[in-house]
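1. A predicted structure for the sequence below; I have some questions about it.
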Amino acid sequence: MARHPRTGAEMALGSLSRGGFVVIDPIQRRCTQVRPAHSATEGWAIGQAPDGCIYQAASFGRGKENALWRWNWEGNVSELARELPPLGAFSLDVAPDGRVYIPSYSDNTLHRFDPARDVWDNIGVFAAFGKHVRLAFCGRDGWVYVSVTDDRSRRIVAVQPETGETFPVEMSERLAVRHRHADLLKDAAGHVLAGCTRWGREAWVELFHGRAAAIDPADVHLARTHFQVSASAETEWMTPLAFRDGSYIHWIGSKAVGFTDSQGRTSEIDLAIEDSPLRIFTVEYGGGRLWGGTFIPLTLFSMDPAGGLAQSYGNPTETSGEIYAMVWSHGKLYMASYTRAMLTRYDPGRPWRMDHSVWANPASLGLMKEDAPHLHRPHGKALAPDGRVFFAARGDYGCEDSGICRIEPETDEVTRWIYRETCFGALCFLPQSGQLLVSETRKGEEAIRFTLVSTETGMVLSSEVGIRDRGEVVSWLPSGGDWVYGLHSYRATIFAYSLSERRIVRRLEEMRFGDHCYNVLLFGPDGRIWGLTNDSVFAVDRELSSAERVAAYEDHAGRNFYRFGMVYGPDGHLYFPNGTHLMRLRITGTGESSRMPA
């Protein structure tokens, strides 16, 4: 929520993934889109200062697009308040004294910016309470309250900003697990609230002077709001989009919001929002077209390289993150997406029908792990010669398991195998044995295992420690013979693993071409092994004796290497994602490359 600094009118405030933010006036039924002065990465953290200024933090890149923006209600462009490091900030809040507090998910630190003195400092690190600090809200008491997670649970920590003291807030009630991150919220009236359950019912307590205090339910200014995930799926959150007269925002779509007035009458308010290019997260080739998925919001698109025309399909899944892995088989596109490792099938040869019927296209094939806690990140994918599709996913948010699934393309039947207390990475199919090879790290073991899995039963056939180090194998490339090439991104090292000797027999260490992307190894047009980093395409000879940079490219991803796929198109050129751009490396014998916006 926000209030106009001159009129006091209540407005709904909403951050856009890449297009700044919107201010919605429900009475005048209009919205204002405010954009940053120059391009920025994803900016979900937003809040209002006591002087009325709106602050928004964009901090998911690794370059100058990381910034704290400020808008004073003049015009529709926000100004730069301060450049930021790569924080990974999901929230921010402004204290009554005007200082801005930003929790850094990346380094588990609470940061503070004082705009009056242009001072940036750190309030504290929360390693004693968990791995990641995600939310931070400033209370009416001058204290700051943060939510810290250790993947299995969340703790609320109180911070005394003047002394830097931190201590957990003791709760007499059990913290609720109703909605994601609903353990800590700030309502429209400025109360910092903790969600809990009492006698099996939802309840809220206010955090005040470091303690949990009872609050009259009538004083809790929160609304139950539905968010449109796709054409066939919605999710529900508790939000501060509650106005003093009892009206509230009850539904949020991509270009409209649902408004319930104080008399209970509902209507829709159209949002005149200018679209922004989305970050491309993964690419695949199939059926004469390039396929791509975007990062929050999740959308699917395809492109015919010959004509250069792209077609957008919206969100074909029932989740809201991003598609990690795509495999083309038997004329159909199979997808595995974050969150909950959601499986989806789309047949472009059939009519589009987004519903839950047996004729649905795209169709949900369920989750890779059907019982909670779920798997989330499908880093691995493989295709067998007979068209069977395999995905490998790891857990997160309390799930310490991993899983592999097999999809039969004739029937779309899914077989699931779950592996306890382990973490899977890249996956490949070994044609000489008909087995799967997966990168694995086990709980309590600082090593990377090379694990062979049966495609028929899911049984682990063998598991050898291949690398005693941190990280994972982010890409595999079978040679067709005894060797399998792999990329250990933590050390920028490419290696050859012998299946017969069960050990690494060759390696080329610290290649220094940049940070390596995922599922990107392939045999280049010259027969060498080609790969992708966040600033170049490189090539290595098959004996792993030498490497060179084939082509450097202009960075449009904020130095971000967390993206998946490099593929040949039907024209024989190579394609890969680079921020909001789809890149084409023309195979002409001259190394010429060009950028191709999607």
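-> Cool, got the structure. Residues are numbered from 1 along each chain as shown.
2. pLDDT value on P305, please?
-> Note on P305: pLDDT of 91.
3. residues near it, how many?
-> Other residues near P305 number 19, with proximity taken as other CB atoms under 10 Å. Every C-beta, even on glycine, is put in place using the N, C-alpha and C of the backbone.
4. got it, and the one 4 residues further on?
-> Around L309 sit 9 other residues, with neighbours defined as other CB under 10 Å.
5. who does the helix or strand hosting V414 pair up with?
-> Per DSSP states H and E, V414 falls inside strand 413-419. Here strand 413-419 is paired, per DSSP bridges, with strand 402-408 (antiparallel).
6. Restrict the strand it pairs with to CA atoms and write it as PDB.
-> Taking Å, rounded to 0.1, in the frame of the first residue of the first chain, the C-alpha atoms of strand 402-408 are listed here in PDB:
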ATOM      1  CA  SER A 402      16.300 -35.600  -5.300                       C
ATOM      2  CA  GLY A 403      14.400 -37.400  -8.100                       C
ATOM      3  CA  ILE A 404      14.400 -38.800 -11.600                       C
ATOM      4  CA  CYS A 405      11.400 -39.300 -13.800                       C
ATOM      5  CA  ARG A 406      10.900 -41.100 -17.000                       C
ATOM      6  CA  ILE A 407       8.200 -40.100 -19.500                       C
ATOM      7  CA  GLU A 408       6.900 -42.400 -22.300                       C
END
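7. Now do that strand: everything it contacts.
-> 329, 334, 336, 341, 343, 345, 365, 368-369, 375, 380, 388-395, 413-419, 422-424, 427, 436, 438, 440, 453, 455, 458 (CB atoms under 8 Å, 6 or more residues apart in numbering).
8. Mind listing what's buried along it?
-> For strand 402-408, a neighbour-count test (16 or more other CB atoms under 10 Å) marks 402-407 as buried.
9. pLDDT of that strand, averaged?
-> Mean predicted confidence for strand 402-408 is 98.
10. which regions of the stretch 51-200 of the chain sit below the pLDDT cut-off?
-> For the stretch 51-200 of the chain, the stretches with pLDDT under 70 are 62-64, 151-152, 172-182.
11. go with 50
-> Residue ranges of the stretch 51-200 of the chain with pLDDT under 50: 176-181.
12. which residues of it fall in strands?
-> For the stretch 51-200 of the chain, applying DSSP state E, counting those that start in this stretch gives strands covering 54-58, 67-71, 77-83, 93-94, 100-104, 109-114, 119-125, 132-138, 144-149, 154-160, 165-168, 174-175, 184-186, 192-198.
13. And the stretch 351-500 of the chain, by the same measure?
-> According to DSSP E, counting those that start in this stretch, the strands that the stretch 351-500 of the chain contains are 363-367, 375-383, 389-395, 402-408, 413-419, 422-430, 435-442, 448-454, 460-467, 473-478, 483-488, 493-498.
14. which of these is buried the deepest?
-> strand 389-395 (a mean of 28; mean count of other CB atoms under 10 Å).
15. quick one, it and strand 413-419 angle?
-> 40 degrees (axes from the mean of the first three to the mean of the last three CA atoms, to 10 degrees).
16. Make TSV from the strands of the stretch 351-500 of the chain and add distance to Q160 to it.
-> Below are those laid out as TSV (distance: least, CB to CB, whole Å):
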stretch	distance to Q160
strand 363-367	42
strand 375-383	35
strand 389-395	35
strand 402-408	41
strand 413-419	44
strand 422-430	37
strand 435-442	38
strand 448-454	42
strand 460-467	44
strand 473-478	42
strand 483-488	44
strand 493-498	46
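17. Nearest to F90, out of these?
-> Closest approach to F90 among the strands of the stretch 351-500 of the chain is made by strand 375-383 (16.1 Å; CB to CB).
18. Pull up the pairing partners for the closest one, direction included.
-> strand 389-395 (antiparallel).
19. Between strand 363-367 and the strand it pairs with, find me the angle.
-> Note on geometry: by the same axes, to 10 degrees, strand 389-395 and strand 363-367 are set 50 degrees apart in direction.
20. how big is the angle separating strand 389-395 from strand 422-430?
-> Using the same axes, to 10 degrees: strand 389-395 against strand 422-430 is 160 degrees.
21. For strand 389-395, C-alpha coordinates in PDB please.
-> Written as PDB, here are the backbone C-alpha positions of strand 389-395 (Å, rounded to 0.1, in the frame of the first residue of the first chain):
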ATOM      1  CA  VAL A 389      12.400 -38.400 -21.800                       C
ATOM      2  CA  PHE A 390      14.200 -38.200 -18.400                       C
ATOM      3  CA  PHE A 391      14.400 -35.300 -16.000                       C
ATOM      4  CA  ALA A 392      16.500 -35.000 -12.800                       C
ATOM      5  CA  ALA A 393      15.500 -32.600 -10.000                       C
ATOM      6  CA  ARG A 394      16.700 -31.600  -6.600                       C
ATOM      7  CA  GLY A 395      14.800 -30.400  -3.500                       C
END
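22. Burial check on V550, number of neighbours?
-> If you count neighbours by other CB under 10 Å, V550 ends up with 19.
23. in the sheet, who's paired with V159?
-> On the basis of DSSP bridges, V159 is bridged to V144, T166.
24. Next, count neighbours for it.
-> By other CB under 10 Å, neighbour count at V159 equals 25.
25. Please report how far it lies from G524.
-> Distance, V159 to G524, by CB to CB, to the nearest Å: 52 Å.
26. same check, this time on E74
-> Counting by CB to CB, the gap from E74 to G524 is 53 Å.
27. Then Y145?
-> For Y145, the distance to G524 - CB to CB - is 53 Å.
28. ditto for E162
-> From E162 across to G524, the span is 59 Å (CB to CB).
29. More neighbours: the two, which one.
-> The neighbour count for E162 versus G524, taken as other CB under 10 Å, is higher for G524 (18 against 8).
30. so that one touches A539, yeah?
-> Yes: between G524 and A539 a contact is recorded at 5.6 Å, counting by CB atoms under 8 Å.
31. who touches both of these two?
-> In contact with both G524 and A539: 530, 550, using CB under 8 Å, 6+ apart.
32. elements contacting the helix or strand hosting R506?
-> Using DSSP H and E, R506 falls within strand 503-508. Counting by 3 or more CB pairs under 8 Å, 6 or more residues apart in numbering; DSSP states H and E, the packing neighbours recorded for strand 503-508 are strand 460-467, strand 493-498.
33. nearest to G258, of the strands of the stretch 51-200 of the chain?
-> For the strands of the stretch 51-200 of the chain, the distance to G258 is smallest for strand 184-186, at 20.3 Å, taking CB to CB.
34. who does the closest one pair up with?
-> Next to strand 184-186 in the sheet, as set by DSSP bridges, lie strand 192-198 (antiparallel).
35. now the angle between strand 144-149 and the partner strand, please.
-> Angle of strand 192-198 versus strand 144-149, following the same axes, to 10 degrees, is 50 degrees.
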